[in-house]
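> no FASTA, just this:
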Ligand SMILES: Nc1ncnc2c1ncn2[C@@H]1O[C@H](COP(=O)(O)OP(=O)(O)OP(=O)(O)O)[C@@H](O)[C@H]1O
């Protein structure tokens, strides 16, 4: 999978920009705060309709404008697909092949990207919400069904939480049980997808982590659910039954707390190295290697699920990877897939292939290409 070109209008500090990309390696070179990351962010946004570093779309709009456009052409199996996202005061429009998509789930999945950024460490060390966002973004881009289920789940969750805010005396048990059924239906499907995804992610990242740690460390990943499963590897039916039983048991507590206390919106991930929790007790190095193993594993996972390698976005990570086996591993991957790199210096990139395009970035413009 390759991104052939991109056009930006009023995206962050780019008023207007059109670039054609190299099929293998593209490097954005420049001083700090010139707009290198903004270009990677626009590619991520074009793929997933969200930023990797902000949950507010408004941050992406140029300060000087109230409408913005990102468009590009992705090439997959010799077919070119134009993608477009237009944001204005009226809202957001997404287009595939110039046709407007009614649902975001119909848009996402056309282009797969994996971003490596300094913020990756927060998947290990940050809050559960960051890990949930990580799982949602990653499963969403390879399994459209997951997106449909999670959008429906979030809608029901919002409705149910609003209903639980009512005075207890005004709660209609029949209506609440209708909301329960929908919450359980979509929530269970989400959990089933997540368990399945985590199992696959663990399988691949375990092998990579072992290589990165010279065989010394065994990485395991646990899906820490707010539900207690009655079976070790629960199927959808078991998840639904467990969800239902435990939701009923929590009824009075939920009415008292006025919120939904069970479901995928309360779940989390845990990472262990040789049975020690990496987030709580791992060294800096172990946390970094774990984050890297997971990200690298995603590349293979996307390939296994879609038959295409994702586009790699490496934001300011080359210097961190320097002089280690990690760089070797990354170099092996860079040969397989189209890669975009930001950097302030070319020093760390001497071993990379010469077959590439360098874009010199200065103050929201590309001042040189070679
Ligand atoms: N919404 C926005 N509108 C206009 N300019 C913005 C907006 N958001 C950020 N900027 C500008 O973009 C620049 C930062 O760009 P970016 O994050 O891409 O930096 P960078 O080149 O990757 O730098 P570093 O090497 O420090 O990571 C800053 O000058 C900032 O003021």
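Structure's in. What do you need? All of these numbers come straight from a predicted model, not from anything done at the bench.

> for stretch 119-132, how far is the first residue from the last?
With Cα to Cα, to the nearest Å as the measure, the ends of stretch 119-132 fall 15 Å from one another.

> mean confidence for it?
Averaging pLDDT along stretch 119-132 yields 94.

> Run through who's touching that stretch.
By Cβ atoms under 8 Å, 6 or more residues apart in numbering, the residues outside stretch 119-132 that reach it are 52-53, 134, 264-265, 267-269, 271, 278-279, 282, 287-288, 290-292, 294-295. Where you see a C-beta, it was placed from the backbone N, CA and C, and this is true even at glycine.

> Helices - which of these land there?
Among those, the ones falling in helices (DSSP state H) are 134, 278, 279, 287, 288, 290, 291, 292, 294, 295.

> Any idea how many residues pack against the third one?
Right, the one you point to is residue 279. 17 (other Cβ atoms under 10 Å).

> what's the helix or strand for the closest residue to it other than its chain neighbours?
Using Cβ to Cβ, 6 or more residues apart in numbering and skipping residues adjacent in sequence, the residue nearest residue 279 is residue 124, 5.2 Å away. Element membership of residue 124, judged by DSSP states H and E, is helix 121-125.

> Of all the residues in that helix, which ones are buried?
Neighbour-count burial for helix 121-125 flags 123, 124 (criterion: 16 or more other Cβ atoms under 10 Å).

> Figure out how far it is from the centre of its chain.
Remark: helix 121-125 is offset 13 Å from the chain centroid, using Cα atoms, centre = their mean, to the nearest Å.

> Where does the prediction get shaky in the stretch 1-150 of the chain?
Under the criterion pLDDT under 70, no range of the stretch 1-150 of the chain is flagged.

> For it, what lies in contact range of the ligand?
12-13, 30, 32-38, 59, 61-63 (Cβ under 6 Å from any ligand atom).

> Please list only the buried members of those residues.
Buried among those (16+ other Cβ under 10 Å): 12, 13, 30, 34, 35, 36, 37, 38, 61, 62.

> Can you tell me which of these end up in strands?
Using DSSP state E, no member of those falls within strands.

> Distance check, the closest residue to residue 192 other than its chain neighbours against the ligand.
Here the nearest residue to residue 192 in space, its sequence neighbours aside, is residue 236; by Cβ to Cβ, 6+ apart that works out to 4.9 Å. Distance of residue 236 to the ligand, given as Cβ to the nearest ligand atom, to the nearest Å: 42 Å.

> pLDDT value on the closest residue in space to residue 282 that isn't next to it in sequence, please?
Distances taken as Cβ to Cβ, 6+ apart put residue 273 closest to residue 282, at 6.1 Å, once the chain neighbours are dropped. Model confidence at residue 273, given as pLDDT, is 97.

> show me what contacts residue 273?
Counted by Cβ under 8 Å, 6+ apart, residue 273 has contacts 209, 217, 218, 219, 282, 286, 290.

> Looks like the last one contacts residue 210 (just checking).
No: because the distance of 12.0 Å does not satisfy Cβ atoms under 8 Å, residue 290 is recorded as not touching residue 210.

> Comparing the two, which residue is more hemmed in?
residue 290 (28 against 15).

> Average pLDDT for stretch 184-194, rounded please.
Per-residue scores along stretch 184-194 average to 98.

> Can you tell me what sits against that stretch?
In contact with stretch 184-194 (Cβ under 8 Å, 6+ apart) are residues 135, 139, 143, 145-146, 149-150, 152-153, 156, 223, 225, 227, 235-236, 239-240, 243-244, 247, 263-264, 267.

> returning to that earlier point: CSV for the contacts of residue 273, including pLDDT and distance to the ligand?
Below are the contacts of residue 273 laid out as CSV (pLDDT from 0 to 100; distance: Cβ to the nearest ligand atom, whole Å):
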residue, pLDDT, distance to the ligand
209, 92, 27
217, 94, 30
218, 97, 34
219, 98, 29
282, 94, 26
286, 90, 25
290, 93, 23
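
> what helix or strand is residue 74 on?
Going by DSSP H and E, residue 74 is in strand 68-76.

> Sheet partners, orientation included, of that strand?
Next to strand 68-76 in the sheet, as set by DSSP bridges, lie strand 2-11 (antiparallel), strand 79-88 (antiparallel).

> of all the contacts of residue 273, which two lie farthest apart?
218 and 282 (12.9 Å; Cβ to Cβ).

> more neighbours, these two?
Neighbour comparison, residue 218 and residue 282: the larger count goes to residue 282, with 20 against 13 (by other Cβ under 10 Å).

> my guess is that one contacts residue 290, does it?
Yes: the criterion here is Cβ under 8 Å, and residue 282 meets it with residue 290 at 6.8 Å.

> who touches both of these two?
The contact lists of residue 282 and residue 290 share 124, 271, 273, where a contact means Cβ under 8 Å, 6+ apart.

> want to throw those residues into TSV with distance to residue 77?
Below are the shared contacts of residue 282 and residue 290 laid out as TSV (distance: Cβ to Cβ, whole Å):
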residue	distance to residue 77
124	35
271	35
273	39
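
> Mind putting the contacts of residue 273 into CSV with distance to residue 22?
Output for those, formatted as CSV (distance: Cβ to Cβ, whole Å):
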residue, distance to residue 22
209, 31
217, 36
218, 38
219, 34
282, 37
286, 35
290, 31
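
> which one of the residues you listed sits closest to residue 89?
residue 290 (42.6 Å).

> OK, contacts around the closest one?
124, 209, 219, 271, 273, 278, 282.

> go with 6 Å
By Cβ atoms under 6 Å, 6 or more residues apart in numbering, the contact set of residue 290 is 124, 271, 278.

> Nearest to the ligand, out of those residues: which one, please.
residue 124 (21.2 Å; Cβ to the nearest ligand atom).

> Heading C-terminal from the longest helix seen in the chain, find the next helix or strand.
In the chain, taking DSSP H as the definition, the longest helix is helix 173-212. Using DSSP H and E, the helix or strand that directly follows helix 173-212 along the chain is strand 219-224.
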